[in-house]
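Chemist: Fold the following for me, if possible:
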Amino acid sequence: MTQAAAFPKLLSSQIAFDIARTIRDGFDKHYRLFRQSSQQAKEHFERGAWKIAQEAARERIGFYDKRVQECVHMLEDEYDPAELTDDVWRECKLHFIGLLSGHKQPELAETFFNSVCCNILHRSYFHNEFIFVRPMVSTEYIDTEEPAPTYRMYYPGADGLRFTLKRIVTNFQLNAKFANLDRDVAQVEARLRDLFGGEELEPNHQIQVLSSLFFRNKGAYIVGKGINGAREYPFVVPILHNRHGELILDTVLFDKEQIIILFSFTRAYFQVDMEVPSAYVQFLRTLLPRKPRSEIYTVLGLQKQGKTLFYRDYMQHLKHSSDLFDVAPGIRGLVMLVFALPSFPYVFKIIKDFYPSPKETTRAQIKEKYLLVKHHDRVGRMADTLEYSNVAFPRHRMKEELIAEIRHFAPSLLEEEGDQVVIRHLYIERRMVPLNIWLTHAEQEGDDARIEHGVREYGNAIKDLVAANIFPGDMLYKNFGVTRHKRVVFYDYDEIEYITDCNFRDIPQARNEEDEMSAEPWYPIGKHDVFPEQFGRFLLGNAKIRKYFLQHHADLLTREFWQTRKERILAGEVEDIFPYPQDVRFSYQGLPTTPPAHVAPTLLETTENE
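Modeler: Residues are numbered from 1 along each chain as shown. Coordinates of the predicted model:
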């Protein structure tokens with residue numbers, strides 16, 4: 001039978017078409033609400049409603065799963081399992097492809113289809129006949145139907161660079177007063193002229209700017225690039241509120257490393273209003289050519305699409321590599337079993353079935369901690385995690401020692417099926433160098449500058465976390481990693497707490513000599529009690545580390561520091577956390593609120609994207 005003759009027979013099921021339409025409609029509802037939230041971010045920014053903005057950003061992260069579950073329940077209520085045959089599911093996928101003709105977010109809709117199907121079908125059906133293992137609808141050249149295109153194009157040659165820059169800013173129509181827009185635009189112009197380096201501008205040189213602002217934390221970001229002949233110059237202009245509630249252009253970022261860090265895996269989920277997200281991804285790829293599409297989708301708040309693309313990239317890597325999965329190097333964790341593929345820049349983390357003393361936790365509690373981080377503002381100091389269920393690994397690619405460790409520490413999560421090893425639940429994170437190893441190597445090489453940088457960054461990371469209402473819990477260096485940009489990031493979440501839930505105390509004065517000599521505390525300790533002056537006992541045994549820690553971060557050893565920050569948070573204050581070095585800002589005059597907890601160091605020379 002020819003394909004043409006078989007096609008009408010394939011598309012003969014009304015049930016299959018109705019299911020496909022229900023899933024398409026469920027996705028459309030999700031993306032409509034997603035865009036509404038992104039549009040409201042502009043209003044929150046204009047009013048300086050930071051608490052509302054934070055809550056809205058957290059709520060938006062849960063939109064996807066809610067819509068998927070709504071769709072699943074609708075289908076389960078409507079159809080008897082006996083009706084949902086293999087032929088129905090095959091035809092459903094074909095109908096769904098047809099329903100995406102002319103769709104503005106086809107790649108996201110395909111992922112939504114997969115999510116719904118994977119909630120209904122057994123994992124043995126997760127193959128190309130039933131779900132979209134590979135994309136079927138092209139995202140190239142999708143046209144926007146809105147008045148505003150994906151990006152606007154400006155020609156400074158006609159009106160001059162300064163006038164053009166002012167027009168770029170005012171075109172966003174922010175409903176808030178600028179403190180001195182002419183002054184700020186002049187400073188942006190001066191920086192951009194430095195960027196061009198005095199080179200001769202081509203007659204058709206232009207500036208392209210994405211039509212929507214990027215909102216995150218307390219900032220709005222203009223994202224664009226200058227084009228002069230064959231040369232392109234990416235730039236980002238942060239817009240902030242000063243202490244009087246007026247808008248300022250804080251700087252212009254054109255150093256590629258600074259732009260990479262702004263859009264790093266530790267600072268995802270910007271709020272951006274996009275009709276055609278694939279067009280935004282394509283534009284950002286021209287600014288960040290080495291950043292995978294999966295991470296750019298996540299940057300744009302489309303974490304499920306990022307997760308889908310990451311897994312496709314992983315499967316492709318697995319297909320074209322031959323090295324073996326093994327236990328990750330470093331100190332073994334009490335709660336997590338961590339393994340890695342040496343050629344792949346990520347680690348795989350499994351929650352163990354049991355934990356030695358003094359750990360008192362459960363798998364459910366640990367998963368709650370990771371969920372907390374997922375919904376929290378990571379302020380550039382907490383790694384993003386991808387959570388997966390029922391992941392199959394080819395057995396011949398896993399070392400027997402690794403399989404034996406999983407059997408011992410997490411047997412409830414392991415299924416061995418012939419030539420496959422299935423892990424029922426795991427997290428995947430970007431691989432970093434553990435800070436303890438990084439500092440040890442620096443000391444062995446006699447590199448005091450590197451030790452100082454690591455210690456200073458470690459303290460900066462803790463202070464940024466505190467500003468975001470996060471207490472790391474276990475502050476040992478092994479729980480922090482060093483990125484390729486030499487930034488210190490926290491990645492072990494099983495003991496984190498909100499700062500506002502902690503009770504910061506000074507150690508009581510000893511009553512007598514017996515108290516002083518006692519191996520056990522002579523005073524009662526509550527579950528959430530924290531004694532900052534004790535940190536030094538665990539962290540500062542090394543003389544050089546102690547020297548630099550006391551030089552830069554001695555305040556972390558005082559109750560006053562922690563209690564003051566807690567009181568600010570309880571009072572509703574949202575601190576400014578700048579995702580770029582202080583020395584690139586136009587001026588410290590008009591600082592938005594209080595001075596930052598620390599001044600970020602100038603970035604060291606780097607070679608890779610974060």
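
Chemist: And Ala340, its phi and psi?
Modeler: phi -150, psi 160 (degrees, to the nearest 10).

Chemist: That one contacts Val347, doesn't it?
Modeler: Yes: using C-beta atoms under 8 Å, Ala340 is in contact with Val347, at 4.7 Å. (Each C-beta comes from the backbone N, C-alpha and C, glycine too.)

Chemist: Compare these two and say which one has the larger neighbour count.
Modeler: Neighbour count, other C-beta atoms under 10 Å: between Ala340 and Val347, Val347 has more, with 22 against 19.

Chemist: Downstream of the strand or helix carrying the more buried one, the next helix or strand is which one?
Modeler: Using DSSP states H and E, Val347 sits within strand 346-351. Using DSSP H and E, the helix or strand that follows strand 346-351 in sequence is helix 363-375.

Chemist: Please work out the average pLDDT along that next one.
Modeler: Mean pLDDT, helix 363-375: 90.

Chemist: how many degrees apart are the helix or strand just after that helix and strand 346-351 in direction?
Modeler: Per DSSP H and E, the first helix or strand lying C-terminal to helix 363-375 is strand 385-394. Per axes from the mean of the first three to the mean of the last three C-alpha atoms, to 10 degrees, the angle that strand 385-394 makes with strand 346-351 is 90 degrees.

Chemist: strands paired with strand 385-394, and their directions?
Modeler: Take DSSP bridges as the rule and strand 385-394 pairs in its sheet with strand 420-430 (antiparallel).

Chemist: and the angle from the strand it pairs with to helix 363-375?
Modeler: Using the same axes, to 10 degrees: strand 420-430 against helix 363-375 is 40 degrees.

Chemist: What is the helix or strand following strand 420-430 packed up against?
Modeler: Sequence order places strand 433-434 as the next helix or strand after strand 420-430, per DSSP H and E. If you count contacts as 3 or more C-beta pairs under 8 Å, 6 or more residues apart in numbering; DSSP states H and E, strand 433-434 packs onto strand 480-482.

Chemist: per-residue confidence for the residue nearest in space to the middle of the chain?
Modeler: Closest to where the C-alpha atoms of the chain average out (C-alpha atoms, centre = their mean) is Ala268, at 3.2 Å. We note a pLDDT of 72 for Ala268 in this prediction.

Chemist: mind checking the SS state of Arg162?
Modeler: helix (DSSP: H, G, I helix; E, B strand; the rest coil).

Chemist: Roughly how far does the residue nearest to the centre of the chain sit from Gln305?
Modeler: Separation of Ala268 from Gln305 (C-beta to C-beta, to the nearest Å): 12 Å.

Chemist: Common neighbours of those two, please.
Modeler: Common contact partners of Ala268 and Gln305 (C-beta atoms under 8 Å, 6 or more residues apart in numbering): Thr298.

Chemist: Contact partners for the nearest residue to Arg585 once chain neighbours are set aside?
Modeler: Spatial nearest neighbour of Arg585, chain neighbours left out: Thr251 (4.9 Å); criterion: C-beta to C-beta, 6 or more residues apart in numbering. By C-beta under 8 Å, 6+ apart, Thr251 lies in contact with 191, 237-238, 580, 584-586.

Chemist: do Phe480 as well
Modeler: 434-435, 458, 461, 488-491.

Chemist: Take the residues you listed and keep only those in helices.
Modeler: The members of those that map onto helices under DSSP state H are 435, 458, 461.

Chemist: a markdown table for the contacts of Phe480, including pLDDT?
Modeler: What follows is these, written out as a markdown table (pLDDT from 0 to 100):
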| residue | pLDDT |
| --- | --- |
| Pro434 | 94 |
| Leu435 | 96 |
| Tyr458 | 96 |
| Ala461 | 94 |
| Val488 | 95 |
| Val489 | 94 |
| Phe490 | 94 |
| Tyr491 | 92 |
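
Chemist: correct me, but Gly219 touches Val237?
Modeler: No: using C-beta under 8 Å, Gly219 and Val237 do not qualify as a contacting pair, with a distance of 10.3 Å.

Chemist: Give me the more crowded residue out of these two.
Modeler: Val237 (25 against 21).

Chemist: what's the distance between the helix ranked longest in the chain and the middle of its chain?
Modeler: When the chain is parsed with DSSP H, its longest helix is helix 14-47. In terms of C-alpha atoms, centre = their mean, to the nearest Å, the centre of helix 14-47 is set 21 Å apart from its chain centre.

Chemist: After it, which helix or strand is next? Please name it.
Modeler: helix 50-61.
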